[in-house]
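Enquirer: Curious how this folds, go ahead:
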Amino acid sequence: MKWYYVIFVLLVVVLLTGCAANTNEMIGTAGTGQEVVGFWLGLWYGMISPISFIVSLLDSDIGIYEIHNNGNWYNFGFLLGIGGGASQGISRIDKSSASRGASHPH
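Expert: Modelled structure (predicted):
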């Protein structure tokens with residue numbers, strides 16, 4: 001294995017771990033004067049949830065869902081973030097089956 005492949009893999013790992021969600025203690029709770037997370041962080045946490053899940057298996061302080069959130073808007077953003085990744089995967093599957101000439105039964 002060439003040395004630049006090792007450096008590339010290490011760089012990707014470092015960048016992906018930098019995307020992981022924070023521990024719950026680092027974010028404010030309702031009534032403490034600190035902001036709770038809303039739509040945009042919910043969207044982000046949804047998009048990085050597969051990475052957060054893997055990290056959460058290794059570190060019990062990391063969760064994939066922020067419990068200190070503002071409610072429905074956070075939930076909506078989180079589901080959009082998860083759904084965006086799922087819809088991209090489904091569209092890739094559809095495109096790859098269409099390129100192989102697969103026909104769908106009617």
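
Enquirer: Tell me where the protein has helices.
Expert: Remark: helices assigned in the chain by DSSP state H are 3-17, 39-47, 49-58, 72-99.

Enquirer: Could you tell me the least trusted of the ones you listed?
Expert: Lowest mean pLDDT within these: helix 72-99, a mean of 72.

Enquirer: Pull the contacting residues for the closest residue to W44 other than its chain neighbours.
Expert: Spatial nearest neighbour of W44, excluding adjacent residues (Cβ to Cβ, 6 or more residues apart in numbering): G81 at 6.5 Å. From N, CA and C alone the C-beta is placed, and that goes for glycine too. G81 sits next to G42, L43, W44, Y45, G46, M47, I48, S49 when contact means Cβ atoms under 8 Å, 6 or more residues apart in numbering.

Enquirer: before we move on, what about F78?
Expert: By Cβ under 8 Å, 6+ apart, the contact list for F78 reads G42, L43, Y45, G46, S49, Y65.
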